[in-house]
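> sequence and predicted structure, then a few things I'm wondering about:
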Amino acid sequence: MIEALYYEKRNINVQCQLCPHHCLIAPGKVGLCQVRRNENNTLFTLNYGRVSSVNLDPIEKKPLYHFYPGSSILSIGTLGCNLSCSFCQNWSISQLPRDHIDTYFAKTTDNAAPADIVHTAEKMKAKGNIGVAYTYNEPSVWFEFVLETARLVKSKGMKNILVTNGFIESEPLAQLLPYIDAVNLDIKSINDKFYKKLCGARLKPVLEYAKTVKGKCLLEVTNLLVTGENDSEEDIQKLIDFVAHELGKDTPLHFSRYHPDFQFDAPATPAEVLELAYNLASKKLDYVYVGNIWNNPWDRTLCPSCKKVVIDRAGFAIRSIRLKDGNKCEYCGAEVAVVC
Ligand code: SF4
């Protein structure tokens, strides 16, 4: 355990300032994320260096479609989350048992230092690895480890990627952001009631996160369409309008298919809903995708000018890239918002 950053002492309690929950934590107790504990009036992070998952993934799996397409990324995650989405598709690592957390960590994670992660990332360069993605569970809940690792990764000339729910305070975000090259932000819904009812969180900080990150690094947005909860035409349109007006029409938007999981048994997102979302978004945005559904025609990157396919995909694999001089359309020469 190491001492957490971003907290204040309040008599015998401590108040965590890492995310907008601002948990007031009594002695011996943990915050909502279950991985920050008050021990003798000091806040400790329980998951520093505790790695639950490590894989070399295609970058398209994050999903990031506009950042070094066809490359691989060393992907790591720990345990815990500051949201409690009842439909979570990764609940086995995001939600923890209430008791015996230390034993659970010992059983389900391996210990690693930032230098170990960087060493592995460098070794994997031969397999197309471009850096490290902090993913699988919410990266901000092991903020201290991510910060230290990201600094080291950057110093070696490699890339850092966050796959995040965007529920973090502005100060820690500002400290981390200079080391981050690309973000996939999960906006779970454009409706605050959805966040409160199903995620135990709030919408506003997530939208602020999106606006802060845009322009500082590459940003792609994902929206999981949960059947009957956030998939009305009105909600979908509001989300599209936010992305178009506040982030810009060059911001890639991924609609992701939900499958029943954790505490949710509503049927998987119907293909018609995904198609509707794709068609609505395509009217306002240059780059729209549908994920978590195989053999779909909505995972190709089109040139925003001539509408020809410039990146063709098959699942997470790249079939062809039709770009020249870095990011220019091979057919008409228009710029495509892709980092190559
Ligand atoms: S990071 Fe965890 S402990 Fe800190 S405020 Fe958020 S949920 Fe609470």
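Perfect, I can see it now.
> three-state assignment of Ile130?
strand (DSSP: H, G, I helix; E, B strand; the rest coil).
> for stretch 320-335, which outside residues touch it?
69-70, 303-306, 308-312, 336-340 (C-beta atoms under 8 Å, 6 or more residues apart in numbering). No exception for glycine: its C-beta is placed from N, CA and C like everyone else's.
> could you flag which of the residues you listed are buried?
Among the contacts of stretch 320-335, those buried by neighbour count (16 or more other C-beta atoms under 10 Å) are Pro69, Gly70, Cys303, Pro304, Val310, Ile311, Val336, Ala337, Val338.
> now for the residues you listed, which pair is the farthest apart?
Gly70 and Pro304 (20.3 Å; C-beta to C-beta).
> just give me the closest of the contacts of stretch 320-335 to the ligand.
Val339 (30.2 Å; C-beta to the nearest ligand atom).
> now the closest one: closest residue in space that isn't a chain neighbour?
Phe67 (5.1 Å; C-beta to C-beta, 6 or more residues apart in numbering).
> got it, and Ala121?
With C-beta to C-beta, 6+ apart as the criterion, Ala121 has its nearest non-adjacent residue at 4.6 Å, and that residue is Leu74.
> how about the helices in the stretch 101-250 of the chain?
Applying DSSP state H, counting those that start in this stretch to the stretch 101-250 of the chain gives helices spanning 101-108, 114-123, 143-155, 170-176, 192-194, 204-213, 233-242.
> mind listing what's buried in the third one?
Meaning helix 143-155. For helix 143-155, by 16+ other C-beta under 10 Å, it's Phe143, Glu144, Phe145, Val146, Leu147, Glu148, Thr149, Ala150, Leu152, Val153, Lys154.
> and what of the shortest one?
Applying a neighbour-count criterion of 16+ other C-beta under 10 Å, one finds Phe194 buried in helix 192-194.
> residues in contact with it?
So helix 192-194 is in contact with Lys188, Arg202, Leu203, Lys204, Glu229, Asn230, Asp235, going by C-beta under 8 Å, 6+ apart.
> returning to what we had before: how close does the residue nearest to Val339 get to the ligand?
Using C-beta to the nearest ligand atom, to the nearest Å, Phe67 is found at 27 Å from the ligand.
> kindly provide the distance from that residue to Glu148.
Applying C-beta to C-beta, to the nearest Å, the value for Phe67 to Glu148 is 23 Å.
> also Ile59?
23 Å.
> can you check Ile187 too?
In terms of C-beta to C-beta, Ile187 sits 28 Å off from Glu148.
> got it, and Thr120?
For Thr120, the distance to Glu148 - C-beta to C-beta - is 15 Å.
> can you get me a residue count around the residue in the stretch 101-250 of the chain that the ligand sits nearest to?
Of all residues in the stretch 101-250 of the chain, Val141 sits closest to the ligand, at 5.8 Å by C-beta to the nearest ligand atom. As a burial measure, Val141 scores 29 neighbours (other C-beta atoms under 10 Å).
> quick one: name the residues of this structure near the ligand.
Proximity of the chain to the ligand, by C-beta under 6 Å from any ligand atom, involves residues Cys16, Leu18, Cys19, His21, His22, Cys23, Gly31, Leu32, Cys33, Arg36, Asn82, Val141.
> switch the cut-off to 5 Å
Residues of the chain lying near the ligand by C-beta under 5 Å from any ligand atom: Cys16, Leu18, Cys19, His21, Cys23, Gly31, Leu32, Cys33, Arg36, Asn82.
> quick check: closest non-adjacent residue to the fourth one.
Which is His21. Leu32 (5.3 Å).
> list the contacts of the one you found.
By C-beta under 8 Å, 6+ apart, the contact set of Leu32 is His21, Cys23, Asn82, Ser84, Gly200.
> out of those residues, who's nearest Asp261?
Ser84 (13.7 Å).
> so that closest one sits in a helix?
No. Applying three-state DSSP, one finds Ser84 to be coil, outside a helix.
> the closest residue to it other than its chain neighbours: what's it in contact with?
Closest residue to Ser84 apart from its sequence neighbours, by C-beta to C-beta, 6+ apart: Gly200 at 4.2 Å. For Gly200, the contact set (C-beta under 8 Å, 6+ apart) comprises Leu32, Leu83, Ser84.
> now, the buried ones among the contacts of stretch 320-335 that are in strands?
Val310, Ile311 (DSSP state E).
> TSV for the buried ones among the contacts of stretch 320-335, including pLDDT and distance to Ala277?
As requested, these are exported to TSV (pLDDT from 0 to 100; distance: C-beta to C-beta, whole Å):
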residue	pLDDT	distance to Ala277
Pro69	98	22
Gly70	97	26
Cys303	98	21
Pro304	98	19
Val310	98	22
Ile311	98	20
Val336	98	22
Ala337	98	20
Val338	98	22
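> I am finished for the moment; much appreciated.
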